[in-house]
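Trainee: predicted structure and sequence below. I'll ask about it afterward.
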Amino acid sequence: MTILASSRLANLAGRISAALFGGYALAYGFTAFFSVYLPLPRPDRVVTASLLCFAVWVAAVIYAFAARSALAAWLLIAVLATLLLLGAYLPVEWRTRP
C-alpha cells in the first residue's frame, strides 16, 4: 500500500467518523437547544426539535463529504455541536425547563 492510498483511507475514515459521530453530536445539540428555546408548548418543542434533528444530521453528513478535508469537517461540526450544547445547558436562568 502506498502512502497516497493510506492517506486517502485516513481521509475517508475521518470523513465517515465526522459524518457518523460528529453528525450525531450536532443533531443531539440541535435537539437539546431547540427543545429549550422554541417558543412553543413543551411537547411541541420536543417533537419539533426531534423531527428537525434528522435534517440536521443529513446536512452534517453532506457537509462531511463536501468539505475540503476531514479536519475541516470535524472542526465545523464540533464547534457547532459545542455551541448548541453549551447554549442548551449553561444559561439556566434564561431558558424554560424542558
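Mentor: Arrived safely. These figures come from a predicted structure and were not determined experimentally.
Trainee: helix or strand with the lowest mean pLDDT in this protein?
Mentor: helix 3-17 (a mean of 84; mean pLDDT, DSSP states H and E).
Trainee: give me the contact list for that helix.
Mentor: With CB atoms under 8 Å, 6 or more residues apart in numbering as the test, helix 3-17 has contacts from 64-65, 67, 69-71, 73-74. Backbone N, C-alpha and C define where each C-beta goes, glycine included.
Trainee: also stretch 69-86?
Mentor: Stretch 69-86 is contacted from outside by 10-15, 17-19, 22-23, 25-26, 28-30, 32-33, 60, 63-65, 67, using CB under 8 Å, 6+ apart.
Trainee: how far is that stretch from where the chain is centred?
Mentor: Mean-position distance between stretch 69-86 and its chain equals 7 Å (CA atoms, centre = their mean, to the nearest Å).
Trainee: now do the helices in this protein.
Mentor: Per DSSP state H, the chain carries helices over the ranges 3-17, 23-37, 42-66, 70-89.
Trainee: residues of the second one that come out buried?
Mentor: Neighbour counts over helix 23-37 (16 or more other CB atoms under 10 Å) mark 23, 25-37 as buried.
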